[in-house]
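Student: Compute the structure for the input listed below.
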Amino acid sequence: MGKEAKVKTDVILQVLICTCGETGLEKVAAMTLPQVAGVGYLVSIQAATMPPVPESIATREDLTIFHTRTHGLSRNRNHAIAHSTAPLCLIADDDLHYNAGGLQAVIDTFSKHPEIDIAAFSHTGGDNKYFPSYEFDMSRPPKSYYLTSFEIAFRRSSVTGCGTRFNELFGLGCDRFGSGEEDIWMADCLRSGLKARFFPVDIVTHPGRTTGTSRQGTESVLRAQGAVIAYTYGASSLPRTILKAFRASRSSGTSLLKCARAAIEGWLTAKFKPGSIGLKRLPQCQ
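Tutor: Residues are numbered from 1 along each chain as shown. The predicted structure follows:
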């Protein structure tokens with residue numbers, strides 16, 4: 001299992017960092033992970049064998065490492081959640097930079113809002129992503145807003161209690177559906193009765209572009225986006241899928257026919273054969 005320190009009982013928030021490969025722990029060591037009272041870091045690394053642990057993180061009492069031989073980002077996230085112990089969890093990747101104020105803001109948000117199970121926040125970075133300047137219920141997000149995994153924090157007891165997991169057929173490392181795992185996860189949480197809300201607070205910095213925006217013209221990402229739209233919208237899902245393909249074609253330079261074919265394939269699968277890709281047959285959000 002690699003280096004596994006006992007998690008301190010006074011940890012309120014665990015940052016669940018997913019990484020992979022021989023250089024995974026080196027990437028974690030290059031992250032900015034401030035030592036903050038009540039905050040711990042849990043690293044889940046996917047690799048054939050446990051890589052060497054850089055000294056800079058091997059000696060940290062607030063950081064715990066778990067090794068898994070699985071493949072795929074969603075499996076990695078599920079592995080991290082399964083080993084988490086703190087009341088609050090924050091999803092993370094291996095290329096982020098945190099500050100004490102942002103991490104404390106996550107803790108304070110849940111303290112001020114005991115009614116919520118999940119909180120989504122904003123981040124700074126190279127994507128120049130649009131974030132509303134106001135709070136909103138995640139079941140009714142505004143136009144132009146989309147969710148990124150490392151913006152999500154949640155009460156561990158709420159998520160594990162309703163049995164919601166990341167769909168392991170979606171996300172980085174999956175050839176057929178190469179993204180969308182956070183959207184499927186959020187939809188399942190909301191349908192399970194959990195309360196989720198967005199807060200316009202920057203909690204982390206992501207240098208450069210996120211994987212979703214840099215790969216938006218690829219077939220696996222478009223297929224996933226079509227499936228997500230079918231899963232989260234009602235009668236408007238097909239025109240939304242076609243619009244998504246059109247926008248992806250314009251931004252990526254990929255042919256519209258190729259984008260539309262992949263997106264509609266994902267839409268058809270989620271709409272008519274949801275069980276084949278691990279999706280639930282439940283009333284759809286409008």
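Student: For the closest residue to Leu172 other than its chain neighbours, grab the count of nearby residues.
Tutor: The spatially closest residue to Leu172, leaving aside those adjacent along the chain, is Leu73, at 4.2 Å (CB to CB, 6 or more residues apart in numbering). Placement of C-beta: from N, CA and C, glycine included. For Leu73, the count of nearby residues is 24 (other CB atoms under 10 Å).
Student: can I assume Leu73 is in contact with Leu16?
Tutor: No. Between Leu73 and Leu16 there is no contact under CB atoms under 8 Å: 11.9 Å.
Student: where does the chain dip in pLDDT?
Tutor: 1-9, 211-214, 281-286 (pLDDT under 70).
Student: Spatially central residue (nearest the centroid) of it, please.
Tutor: The residue lying closest to the centre of the chain (CA atoms, centre = their mean) is Ser149, at 2.1 Å.
Student: doesn't Leu96 make contact with it?
Tutor: No. If you go by CB under 8 Å, Ser149 and Leu96 don't touch, sitting 10.7 Å apart.
Student: which residues in the protein form helices?
Tutor: Ranges of helices in the chain, per DSSP state H, are 24-30, 55-58, 73-83, 100-112, 156-161, 181-191, 211-214, 219-232, 237-252, 256-272.
Student: Please identify the deepest-packed of the ones you listed.
Tutor: With neighbours taken as mean count of other CB atoms under 10 Å, those reach their highest mean count in helix 219-232, at a mean of 26.
Student: so what does that one touch, helix or strand wise?
Tutor: helix 181-191, helix 237-252, helix 256-272 (3 or more CB pairs under 8 Å, 6 or more residues apart in numbering; DSSP states H and E).
Student: Dump those to CSV, plus distance to Gly126.
Tutor: As requested, the helices and strands packed on helix 219-232 are exported to CSV (distance: least, CB to CB, whole Å):
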stretch, distance to Gly126
helix 181-191, 19
helix 237-252, 15
helix 256-272, 23
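Student: Tell me which of those sits nearest to Val53.
Tutor: Evaluated over the helices and strands packed on helix 219-232, closeness to Val53 peaks at helix 181-191, with 27.3 Å, by CB to CB.
Student: tilt between that closest one and helix 73-83?
Tutor: 50 degrees (axes from the mean of the first three to the mean of the last three CA atoms, to 10 degrees).
Student: returning to what we had before: tell me which of the helices and strands packed on helix 219-232 sits nearest to Gly217.
Tutor: helix 237-252 (2.7 Å).
Student: burial measure for the closest residue to Ala105 other than its chain neighbours, as a count.
Tutor: Leaving out its chain neighbours, the residue that sits closest to Ala105 by CB to CB, 6+ apart is Val201, at 5.0 Å. Taking other CB under 10 Å as the criterion, the count of residues near Val201 is 18.
Student: wait, what's in contact with Val201?
Tutor: Residues counted as contacts of Val201 (CB atoms under 8 Å, 6 or more residues apart in numbering) are Gly102, Ala105, Thr109, Phe121, Ser122.
Student: any idea how far Thr148 is from Tyr134?
Tutor: 18 Å (CB to CB, to the nearest Å).
Student: try Ala248
Tutor: From Ala248 over to Thr148 (counting by CB to CB), the distance is 17 Å.
Student: again with Val15
Tutor: Taking CB to CB as the criterion, Val15 is separated from Thr148 by 15 Å.
Student: of those two, who's got more company?
Tutor: Between Val15 and Thr148, Val15 has the larger neighbour count (other CB under 10 Å), namely 29 against 21.
Student: Which one, of the helices of the chain, ends up nearest to Val39?
Tutor: Val39 sits nearest to helix 100-112 of all the helices of the chain, at 5.1 Å, using CB to CB.
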